[in-house]
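S.K.: coords please:
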Amino acid sequence: MGPPAKPVSLKLLAPHLGLSPTDVSLVLNNSPRARSIPQSTKERIREAARVFNYRPNFYARYLSGKRSFTVSVMIPEISEGYGSSVLSAIESRLAREGYLHFVASHRWSAELIEETPRLLMERGVEGFILVNMPLEHRLPVPVVNIGGRKKLRGVTNLVLDNHRAGWLALHHLAHLGHQEIAFFKGHPESADTEDRWRG
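M.R.: This is a model prediction of the structure:
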């Protein structure tokens, strides 16, 4: 008998596997509590979910835990090389963790920097990952700011050691025999342009 045309529910999938709905849910939602479930069982659950086109009911997850499992990534420009490479890594990790994400670019606009987080929170965003964004005040949700400098409650800043990075880059180029070296300072609005320049 082939898989049904429509996605099946967790309550139908679990009896088919001979497992409890809780165990199936733990595996499909990548819960830390699924560590105690044997790997062969996890693979069987994931294969059945694929064959039967099972999709988690995020609306039910929201109702039960008041969670949207949605975050926003804000970057200056989506097409900019540094931002896009960081975004690619973020997207991969969020997908593995079962999170949906919105991507927004602020283009260094003070109005967008101020208003976009509010609009996204109104749509259920639970947290933000900011890339090179000058955040002036705290938000009522968790925030990770890559390249952020301002110390704000509830904001985790990931700051590069530009002095060390500059030394390593110059040491490497000198070791290769280069003596005439150009440095591109970067966008003047960038949160850490001046720090990179000093480094």
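S.K.: quick one: the strands in this structure, in order.
M.R.: In the chain, the strands defined using DSSP state E lie at 70-75, 100-105, 127-131, 143-146, 155-158.
S.K.: now distance to His178 too, for those, in TSV please.
M.R.: Every C-beta, even on glycine, is put in place using the N, C-alpha and C of the backbone. Below are the strands of the chain laid out as TSV (distance: least, CB to CB, whole Å):
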stretch	distance to His178
strand 70-75	32
strand 100-105	35
strand 127-131	30
strand 143-146	29
strand 155-158	30
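S.K.: with mean neighbour count and mean pLDDT as added columns, please give those strands in TSV.
M.R.: Listed next are those as TSV, based on neighbours: other CB atoms under 10 Å; pLDDT from 0 to 100:
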stretch	mean neighbour count	mean pLDDT
strand 70-75	22	92
strand 100-105	16	90
strand 127-131	23	93
strand 143-146	22	92
strand 155-158	15	90
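S.K.: where does pLDDT dip in the protein?
M.R.: Along the chain, segments meeting pLDDT under 70 span 1-7, 56-66, 186-193, 199.
S.K.: now for the residue nearest to Ala34 when sequence neighbours are not counted: which residues touch it?
M.R.: Nearest in space to Ala34, with sequence neighbours left out and distances taken as CB to CB, 6 or more residues apart in numbering, is Leu26 at 4.1 Å. Taking CB atoms under 8 Å, 6 or more residues apart in numbering, we find Leu26 in contact with 33-34, 37.
S.K.: just the angle between whichever helix in the chain runs longest and strand 70-75, please?
M.R.: For the chain, the helix that runs over the most residues, judged by DSSP state H, is helix 81-96. With axes from the mean of the first three to the mean of the last three CA atoms, to 10 degrees defining the directions, helix 81-96 sits at 170 degrees from strand 70-75.
S.K.: report the angle between helix 81-96 and strand 127-131.
M.R.: 150 degrees.
S.K.: returning to that earlier point: can you say which of the contacts of Leu26 are buried?
M.R.: Among the contacts of Leu26, those scoring as buried are 34, 37 (criterion: 16 or more other CB atoms under 10 Å).
S.K.: pick out whichever of the contacts of Leu26 sits closest to Phe183.
M.R.: Ala34 (48.4 Å; CB to CB).
S.K.: wait, that closest one touches Val27, no?
M.R.: Yes - when contacts are counted by CB atoms under 8 Å, Ala34 is listed as touching Val27 (4.9 Å).
S.K.: next one: the residue nearest to Ala34 from Lys42, what distance?
M.R.: Per CB to CB, to the nearest Å, Leu26 is found 9 Å from Lys42.
S.K.: same question for Leu17.
M.R.: Taking CB to CB as the measure, Leu17 falls 11 Å from Lys42.
S.K.: before I go, just wanted to say thanks for your time.
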